[in-house]
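J.: Give the three-dimensional model of this entry:
(chains A, B and C)
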Amino acid sequence: MVRIIGFLVGLGFVGVLVISLFTDLSGYFNEPPQESAEYKYHLEPKEVDFSSDGPFGRFDDAQLQRGYQVYREVCAACHGLQYVAFRNLEEIGYTPEQVKSLAANEWEVPTIDPELGEETTRAAIPSDTFPNPYPNAIAARAANNNAYPPDLSLIVKAREGGAPYIYSLLTGYQEPSKKLLAEFPSAAPGTGLYHNPYFANLNIAMPPPITSDGQVTYGEGAPEATVEQMAKDVTAFLIWTAEPRMESRKRAGIAILIFLSIATLLAFLAYRNVWAEAKRQVAPKGPLDPENMAKREQAKAEAAEEGRGVEG
Amino acid sequence: MSFAWAKPYEPKTALGQWVDERLPLPRLVYGAVGGGYPVPRNLNYAWNFGVLAGVFLMIQIITGIVLAMHYYASVDGAFASIEHIMRDVNAGWFLRYAHANGASFFFIVVYIHIFRGLFYGSYKAPRELVWMLGLVVYLLMMATAFMGYVLPWGQMSYWGAQVITGFFSAFPVVGEPLRVWLLGGFAPDQAAITRFFSLHYLLPFVIAGVVILKTWALHIPGSSNPTGVDVKTEKDTLPFHPFYTAKDGWFILLVLMAYVTVTFFMPNALGHADNYIEANPLATPAHIVPEWYFWPFYAILRAFTVDFIIPAKLWGVVAMFSSILLLFFLPWLDRSPVRSGHYRPLFKLFFWIFVADIVLLAICGVMPAEQPWVALSQIGTAYYFAHFLIILPIISKIETPLPLPSSISASVLHGEAEESAPYGLAKSQPANA
Amino acid sequence: MATLEQSETTAEQEDGVRRRDFINIAAVSFAGVGGVAAVAPLVMQMAPDADVRALASIEVDVSKIEKGQAIKTSWRKQPVFIRNLTEEEIAQADAVPLSALRDKETLKERTASGKENWLITLGVCTHLGCVPLGVGEGENRGDYGGYFCPCHGSHYDTAGRIRKGPAPTNLVVPEFEFTSDTVVRIG
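T.: So this is what the prediction gives:
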């Protein structure tokens, strides 16, 4: 009974699927879907290396500090960093005193006036998180042509392609190619949009943020502040803001793997030992089989008589 | 419990005896996973995954309990509390990554366990209830995993909740009220996140309960084995401890190494970037996909595109639920008396086609709903149902199985290296002295 | 196969038994150590988080507190009392002989030198953690004119020292420092 019902149910599902298949295929061949501009002209992120890549990757503190500088001078006008606190900057090589003065001198955070209860601002302290540049999402959209500048704390983890994508986006602004415009005239960037082939739909609302070499003045001993260098530095900084515990994670991972490989090897040897017992029990063809032992004994005795050794 | 030669528990210490006389818990454990449980001696490594699933259930419960100490089940606080765990809680990043990847490993292990059962006919008499309880565990796991994925309240969490509860709205009349009841609102919101958290905390303990029932049911006939031949004499078995504890022990450590590698070096590889964006009820991500362990079912859901008698959406939902529910009838769909796929040449062929089909469905599930993926998912789905409902019943009628070994130990005797290979099929001839 | 002598076989087996035991014990103890180590993060996660630890010091402007007044502020989520003592209160506190005290401390020891009028204590009764009265205008300040804990009736004097009732020690003075004449950093 189960099989008869099952058979009919199975035929039912298969039948509907066959109908679906033919309907879809005939639709596909009668009206082939049109290729879109983003499908043809979207580019995969550029190849770019960071010191934090790989299982032994470490952050480069000097680079992260330069990246922080780029963030503060360029990105912070529109993008927040709400999950990062100033105290976290100690992790990228600033001393507690530096963090304190940097928070107090460079940042203002919203607060409530303790006497009047009104909204106001005060100098930041290390335990504050980075302030949002806009009081709310509506204000952010109003100031940016209805495009919302996302918070950057997690941006590297929140975008397919990760850090290389962020770097490519920052350095990828260009004029749309003539070929693209000839093929898809509607792909030309509209007002307030900028062509960027690394962005999903090719037109991004963010104006090119890093436009010229030397836009940010790096301190002494730093590499030249080229557009690529600044983009790379700020991307490295954003890798850190997205995953500040990465170094301890990788370090712990290596230690645990070393421990586990020894433990696994020992456990495997123990397993072999335990099972040697069981295998002897059911391996009557082995050298320890009583029958074989007897044979060997006999062979040895014969060999002794004939005065030669025996191969076991 | 199961066999006459199972050793009864003998307390070694006075304290052990004192406890055993009052609360026979030591006796229970000894009979379940100790020297008192005789297990077929020819189990291969596919039999390690049941215990492994238990290990991952424990890892999930433990990491989950400590994560719940830091998580806020609130629309405004959930996403921020996850970031708080990742940044400020001591070892919080470890606990969260261990829990998120632990879920994936739990599913990997359970899928291997299920496929082992399918190949070796573990669902057949007298183990039908073991199989069915296992399916209950699997369904509970899927519910738990889905609700857990909603908790971080990222974009994928939110839209996953929206889409999956949307399944229920496919049912006529009761569908939409049912969906609204499940969510406690018209869209996922505070009510949904709070109840999902509550149930996500509860269900793992229900799973643990069902696992105990399943283990109990398993211990009545005892474990199956690669030959599918019943245990006949004491020679066919070994006590669980120390033989299988040793075998499980080292294999658990080996799998933990893979788990640690993923958790510590590519913790987000199995996740989705969009879930690091806080939920936004006004904008759906461009390409939404469930977690990898749901991909085949997602492909089945999307394979139905034609309103044939009932709407396509309802076909998809019914097919998706049926694809799991039909497994409950598997013991009666496949009537072949031979359990192990090793002795069933035709079954073996279709089994591997079925495995390939599941892989195909998984790929279709993650791809966008475009050709050729739609067509492939339709073919894959048709095979899925045909395999269980049409092919298996027919095979079990027409197939001539290979000769079975007379006993487990006879199958073992012909060579240690291929202890699990069937009698007569081993590559090497019996070893000679 | 190697040549086997009967006696060698026996010897090997015995050796083997010892080596086997050793490996089994090593494997089990190694796994045990790993299990114990895995408990560490589960225990550690309950300790205060990094953001809680970051709030461990606060700065308070005390310029608005008149003589004889006190304010309540919060440090590490615990109440802190900051009192501007009057001359009489200081005199009253200094007049008490140490022998009359349960927890022998002078007012000088409990305040910053040169700023003996600023009494800064945790507002946590040392008995069982209630918040004593005496900060607000008109609150019961106990028999000794300091603070009074209503839970179990502990009386503190003008220097915040326990004088009567079940509390074992004086109100705790947190670590503090005047960063300027009017700003005190606690913690």
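J.: To what extent is the residue lying closest to residue B:72 once chain neighbours are set aside buried, counted in neighbours?
T.: Excluding the flanking residues, the one nearest residue B:72 by CB to CB, 6 or more residues apart in numbering or on different chains is residue B:81, at 4.3 Å. Any C-beta I mention is one placed from the backbone N, CA and C, and that applies to glycine too. Close neighbours of residue B:81, defined as other CB atoms under 10 Å in any protein chain shown, add up to 20.
J.: mind listing what residue B:81 touches?
T.: By CB atoms under 8 Å, 6 or more residues apart in numbering or on different chains, the residues touching residue B:81 are B:70, B:71, B:72.
J.: which of those has the most neighbours?
T.: Within these, most neighbours by other CB under 10 Å means residue B:71, with 20 neighbours.
J.: Just the element for that residue, please.
T.: Using DSSP states H and E, residue B:71 is not contained in any helix or strand.
J.: if I pick the single nearest residue of chain C relative to chain B, what's in contact with it?
T.: Ranked by CB to the nearest CB, the top residue of chain C for proximity to chain B is residue C:41, at 3.6 Å. Neighbouring residues of residue C:41 by CB under 8 Å, 6+ apart: B:90, B:91, B:94, B:95.
J.: redo that, cut-off 7 Å
T.: Going by CB atoms under 7 Å, 6 or more residues apart in numbering or on different chains, residue C:41 touches B:91, B:94, B:95.
J.: separation between the residue nearest to the first one when sequence neighbours are not counted and residue B:352?
T.: The spatial neighbour of residue B:91 that comes closest, neighbours along the chain excluded (CB to CB, 6+ apart), is residue C:41 at 3.6 Å. As defined by CB to CB, to the nearest Å, residue C:41 lies at a distance of 42 Å from residue B:352.
J.: cool, and residue B:412?
T.: 25 Å.
J.: So for these two, which sits in the more crowded spot?
T.: For residue B:412 versus residue B:352, neighbours defined as other CB under 10 Å are more numerous around residue B:412 (26 against 12).
J.: Restricting to C-alpha, output whichever helix or strand the more buried one is part of in PDB.
T.: Using DSSP H and E, residue B:412 falls within helix B:408-413. What follows is helix B:408-413, C-alpha atoms only, in PDB (Å, rounded to 0.1, in the frame of the first residue of the first chain):
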ATOM      1  CA  ILE B 408      30.300 -11.300  10.400                       C
ATOM      2  CA  SER B 409      33.400 -13.100  11.500                       C
ATOM      3  CA  ALA B 410      33.500 -15.100   8.300                       C
ATOM      4  CA  SER B 411      33.500 -11.800   6.500                       C
ATOM      5  CA  VAL B 412      36.300 -10.500   8.700                       C
ATOM      6  CA  LEU B 413      38.400 -13.500   8.300                       C
END
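J.: can you pull the buried residues of whichever strand or helix holds residue B:361?
T.: Of the helices and strands defined by DSSP H and E, residue B:361 is found in helix B:345-366. Buried residues in helix B:345-366, defined by neighbour count with 16 or more other CB atoms under 10 Å in any protein chain shown: B:346-347, B:350-351, B:354, B:357-358, B:360-366.
J.: After it, which helix or strand is next?
T.: Going down the chain from helix B:345-366, the next helix or strand is helix B:373-386, by DSSP H and E.
J.: contacts for that next one?
T.: Residues from elsewhere that reach helix B:373-386, judged by CB under 7 Å, 6+ apart: A:10, A:13-14, A:17-18, A:20-21, A:24-25, B:299-300, B:302-303, B:305, B:319, B:323, B:357, B:360-361, B:364, B:367.
J.: out of those residues, which are inside helices?
T.: A:10, A:13-14, A:17-18, A:20-21, A:24-25, B:299-300, B:302-303, B:319, B:323, B:357, B:360-361, B:364 (DSSP state H).
J.: circling back to that earlier point, quick one: mean pLDDT for the helix or strand containing the residue of chain C closest to chain B?
T.: In the assignment (DSSP H and E), residue C:41 maps to helix C:6-44. What helix C:6-44 shows for mean pLDDT is 75.
J.: Report all helices and strands that the helix or strand following it contacts.
T.: Next helix or strand after helix C:6-44 toward the C-terminus (DSSP H and E): helix C:50-54. With contacts defined as 3 or more CB pairs under 7 Å, 6 or more residues apart in numbering or on different chains; DSSP states H and E, helix C:50-54 has no helix or strand neighbours.
J.: Whether the helix or strand following helix C:50-54 contacts chain A - can you check?
T.: Note on helix C:50-54: by DSSP H and E, the next helix or strand toward the C-terminus is strand C:58-61. No: under the criterion of CB under 7 Å from any CB of the partner chain, strand C:58-61 makes no contact with chain A; the nearest approach is 8.5 Å.
J.: Check the spacing between the nearest residue to residue B:204 once chain neighbours are set aside and residue B:294 real quick.
T.: Using CB to CB, 6+ apart and skipping residues adjacent in sequence, the residue nearest residue B:204 is residue B:61, 5.1 Å away. Residue B:61 is 22 Å from residue B:294, where distance means CB to CB.
J.: The two: which has the busier surroundings?
T.: With neighbours defined as other CB under 10 Å, residue B:61 and residue B:294 compare such that residue B:294 has more, 22 against 16.
J.: Give me the pLDDT value at the more buried one.
T.: For residue B:294, the pLDDT comes out at 94.
J.: Ramachandran angles for it?
T.: Taking degrees, to the nearest 10, you get phi -110, psi 0 for the backbone angles of residue B:294.
J.: hang on, isn't residue B:211 packed against residue B:137?
T.: Yes: using CB atoms under 7 Å, residue B:211 is in contact with residue B:137, at 6.2 Å.
J.: More neighbours: these two, which one.
T.: Using other CB under 10 Å as the criterion, residue B:211 and residue B:137 rank with residue B:137 on top: 22 against 19.
J.: Residue in the stretch 301-433 of chain B with the shortest distance to chain A?
T.: For the stretch 301-433 of chain B, CB to the nearest CB, closest residue to chain A: residue B:389, 2.7 Å.
J.: ok, and whichever residue of the stretch 201-312 of chain A sits closest to chain B, which helix or strand is that part of?
T.: Taking CB to the nearest CB, chain B has its nearest neighbour within the stretch 201-312 of chain A at residue A:253, 2.7 Å off. Assigned by DSSP H and E, residue A:253 belongs to helix A:246-281.
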